[in-house]
Every structure is written in C-alpha cells, then in structure tokens.
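Trainee: Fold the following and give me the result.
(2 chains)
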Amino acid sequence: MSTLLLAAQQAGELKAGLQSIGAGIVYGAAAIGPGIGIGLVVASAIQGMARQPEMQGTIRTTMFLGIAFTEALALFGFVLFFLAKS
Amino acid sequence: MPLLGAFVFPPIDELFRWKDIWFDGSPLAINKTVLLVLLSSAFILIFMFSGSRKMKLQPTGVQNLVEVTYEFIDKGITRDVVGHDAERYTPFLGTLFLFILFLNIWEVIPGIQFPPTARMGIPGYLALQTYVIYLYVGFRHHGLKYLTGHLFPPGVPKALYLLVTPIEFVQLVLVRPFSLAVRLLANMMAGHILLTALALLTAYSLQNAPIIAIGPFALNVAVTGFEILVGFLQAYIFTLLTAVYIGDSLHPDH
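Mentor: All right, here's what the predicted structure looks like:
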C-alpha cells in the first residue's frame, strides 16, 4: 500500500517537474528567433545611422517599430510559458 | 551554515496580488494597484494644470517641461507617424504616453516599487481602447473598403490570397491588440520579478555571507537604472504603435 502511495506521489512530482522543464524549453525556444531578428534590425539601423546621420530621428523611430514587431513572437512564447506551467 | 540554504522565491501570486483596502470583496474594491492608478492620474492633472494655467510667451519652470512633452508627442509621434493633418490625435496619444509613463515609473520609486501596468487589467484595457479607436477611424474614413483593402492587398497574385487573407485577418483582429497588451505587461512583469529576485538574493546573502552580497546589490542598482529606461521605452513604444495603427487606418495605402 505504502509503495503504491509513494509511486503515485513520485508520478505527481515527475509530472510537475516535466511541466516546468517544458515551460522553460517553450520560452527558451521562442526567444531564439526574435533574438536573431532584433539583432538584425538594430544592426541595419546602426549602419543606416552611420551612413546618413541626418536621418537619425526617422531611423530610430522605424527601428523601435521593427523591434516591437519582432518582439511580438517572443511575447507569444512568454504567454505560452505561463500556459504550459499551469 | 549552508550558503543561501533558506532561499525560497515567493510564488508569483504573492508579488502581484494585493489585499483590498476599502470596499472589501465588492467589484469596486480598492487595492494598491487601483490606488496607484488614481494617484498617477492626479499627478498628471497637477503637472499639466500647473504647466498650462498661466502661459507665458517665454516659458519658465514647469511650463518648459509641459511644452517639451507636448512637442515630443506632437512632432515625434503624431506628425511623423499618423500624418501631417492629424493634430486631433495628439491629445489622445499624449494622455496615453503620460499615463503609461507615470504608471511604469512606480516600479522604481522606493517604498512602492510596484508597476500597476504589470497587472493585465490596465494594459488590456488600454489595448482595447486602441483597438476600438483604430477600427472606428478606419471604418469611418473608408467604410467597408477598409476591411477589403486590408484583407486583399493589391498587387498580390490571386492564388496567394488563400495564404495572405487569413494571416492579415488574424493580424488585424487578434494579434495587434493582443501583442500591444502583452508587450507592456510582459516587460513590466519581468522587470518587477527581476528586481524582486535580486533584492531577495541580496538579503539572503547578507544573512549568510555578507561579502557575496556586493554582487547582487550592484546588479540590483544597475537593473533599477535599466528599468527606468524600460519604463520610458515601453510607454513610447505603446504610443508609437497606437499612432502607427491609427495612421494605417487613415491612409491604408502607405
């Protein structure tokens, strides 16, 4: 009887642990693409600013817009993180 | 004594859920979050009134700051992004910017250190407001053409509409408001959790091994400075995206 209880308890712990690992993988994987994407956006913006310093204001605004749109994918991962954990 | 043996991170509910202070249990209950929202609204009113009550040709003191803020919104966001004939949206965008900025800054005020924007209610409501406004502006100015112009963008091969139309529809109806709300929420929530974790780490290592406490403490100070930047940037991005969506509804061609 006690062995059975122990096994059930261990199964529950295993499930919770696997859930935590899964949630971590979900957010980690979701952050890879946007990370690369934001790097590309900012790199191009800096290049543009260096070539045409007089366009700095416009480029900066557009850069923030690009970052915001790229970031959205990471945010879906953030939401999935909370969904996968509970 | 084990190093950091007693370190237990509190569950997320404890960091973000506050007890009701007045009107306990009713829908009008007031807790710390609501109190901070009311307080920031009062601060914005005081700030704007004291800057614009006795306007002088040569601005001094608070009037200077108010004028700089207004110009920042009017030139940098409205005219650049919405369009040159769109001054009528400046009051809305300015209010949005100041409101989010004041709420975000509570995150680093000592003794309070809680950004009300880290609860879904406030970003969610603000995103819903933006959603209603840009849909209304689009349908008012272009009628049903607004929807068809978005769903069937010109210059795309006919067969590709099978792929493009569902994506555009989901983007217009679901992704825009959702990502707007979640972006603000996630950034403020992550900042709050990070600051809490570093403060707890400092406190525990101060009890167990005081020399190690220097690390988390220095990091905490640095992250606090970074969070001021993030609070400002998130207010700016929220306002900017709202302006972009409104501008897209006004002139969908470009």
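
Trainee: tally of neighbours for A:Leu18?
Mentor: 10 (other C-beta atoms under 10 Å in any protein chain shown). To be clear about C-beta, it is placed using only N, CA and C from the backbone, and glycine gets the same treatment.

Trainee: what's the answer for B:Gly61, then?
Mentor: Per other C-beta under 10 Å, the neighbour tally for B:Gly61 reads 10.

Trainee: And for B:Glu168?
Mentor: The burial count for B:Glu168: 16, using other C-beta under 10 Å.

Trainee: and the residue in the stretch 101-250 of chain B that chain A sits nearest to, what are its phi and psi?
Mentor: Nearest residue of the stretch 101-250 of chain B to chain A: B:Ser179, at 4.0 Å (C-beta to the nearest C-beta). For B:Ser179, the backbone dihedrals (degrees, to the nearest 10) come out as phi -70, psi -30.

Trainee: you'd agree it is up against A:Leu73?
Mentor: No - if you go by C-beta atoms under 8 Å, B:Ser179 and A:Leu73 don't touch, sitting 9.0 Å apart.

Trainee: Of these two, which one has the most company?
Mentor: Applying other C-beta under 10 Å to B:Ser179 and A:Leu73 shows that B:Ser179 carries more neighbours, namely 22 against 15.

Trainee: can you tell me the helix or strand for the closest residue to the more buried one other than its chain neighbours?
Mentor: Nearest residue to B:Ser179, sequence neighbours excluded (C-beta to C-beta, 6 or more residues apart in numbering or on different chains): A:Ala72, at 4.0 Å. Secondary structure from DSSP states H and E places A:Ala72 in helix A:56-85.

Trainee: Go through that helix and flag the buried ones.
Mentor: For helix A:56-85, burial by neighbour count (16 or more other C-beta atoms under 10 Å in any protein chain shown) applies to A:59, A:61-72, A:74-81, A:84.

Trainee: Could you list every helix and strand in contact with it?
Mentor: Applying 3 or more C-beta pairs under 8 Å, 6 or more residues apart in numbering or on different chains; DSSP states H and E, one finds that helix A:56-85 contacts helix A:2-51, helix B:176-208, helix B:214-250.

Trainee: can you list these in a markdown table and add mean pLDDT and distance to B:Phe92?
Mentor: Listed next are these as a markdown table, based on pLDDT from 0 to 100; distance: least, C-beta to C-beta, whole Å:
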| stretch | mean pLDDT | distance to B:Phe92 |
| --- | --- | --- |
| helix A:2-51 | 88 | 28 |
| helix B:176-208 | 89 | 15 |
| helix B:214-250 | 93 | 8 |
